[in-house]
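Asks: what's the 3D shape of this:
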Amino acid sequence: MFLKRISLLQDQVPNYNQYPFNIPAIQVIDQLDLASPVTFFVGENGSGKSTLLEAVADKCGFNSAGGGRNNTYETHAAESVLADYIRLSWMPKVSNGFFMRAESFYHFATHIDELQKEGADAYRSYGGQSLHEQSHGESFLSLFMNRFNGQAIYLLDEPEAALSPQRQLTFLRILHELVQQEECQFIIATHSPILLGYPDAQILSFDGEAIEEISYEETDHYKITKYFLDHREKFLKELLED
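Replies: Numbering: from 1, shown residues only. All right, here's what the predicted structure looks like:
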């Protein structure tokens, strides 16, 4: 592990009534300790998990629209306001890493195409071909398998967005190899009950009045999915009846 703690500089926050400081989970951050090489952020949309992940990426020097330190391109609303008000505690500090945003991955792939046209061997780090010439899921796996390597921190925002259940399992294998063999650290915001099942991961829930560590079985992702699979007909009847 490299990143040990995320702290909110509460005495410097300009206005707790303005976004993103008015998000309940963000408001009460004091010191958020990271206790595993793989940490998951979970919560409903709008709970603040992606907002905090983006701020961490910005603070690391990664492109907050998606990419690493050397990926300089712009997309709409890529700036993180929260980044100026958090502190990251490292031991030791690393500069290598990447921030993957599923929602802006198309723009990142276009950026790589432009670098290739300018003469850089940009495709080499992404499987040898344009990410646009691969399916959405294939391009995600190309990123994970070719761009990610050791002594680095990787921040992933909903990586399951383009991955089928089978490819999510493939991603878990890649994740495990990078953690065990390459000493990588991951912080992942996700809704996937498959990814959340990674052994010994830390799961931080943003749904309560404070960010709390919970077990896999305590997540809504697990409970709702399990109940649906075990009681599909009953569940759908209750859901769809007028």
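Asks: and the helices in this structure?
Replies: For the chain, the helices defined by DSSP state H cover 24-27, 49-60, 105-117, 136-142, 165-182, 220-230, 232-240.
Asks: okay, now the unreliable bits of the chain?
Replies: Applying pLDDT under 70 to the chain picks out residues 69-79, 104, 106, 242.
Asks: same list, the helices of the chain, but as a markdown table with mean neighbour count please.
Replies: For every residue, glycine as well, the C-beta is placed using N, CA and C. Output for these, formatted as a markdown table (neighbours: other CB atoms under 10 Å):
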| stretch | mean neighbour count |
| --- | --- |
| helix 24-27 | 20 |
| helix 49-60 | 24 |
| helix 105-117 | 17 |
| helix 136-142 | 19 |
| helix 165-182 | 15 |
| helix 220-230 | 13 |
| helix 232-240 | 10 |
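Asks: now for those, which one comes closest to residue 13?
Replies: helix 24-27 (8.6 Å; CB to CB).
Asks: CA atoms only for that closest one - export them in PDB, please.
Replies: Only the C-alpha atoms of helix 24-27 are listed here, as PDB (Å, rounded to 0.1, in the frame of the first residue of the first chain):
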ATOM      1  CA  PRO A  24     -23.500  14.300   3.700                       C
ATOM      2  CA  ALA A  25     -20.700  11.800   3.400                       C
ATOM      3  CA  ILE A  26     -18.200  14.500   2.300                       C
ATOM      4  CA  GLN A  27     -19.200  16.900   5.100                       C
END
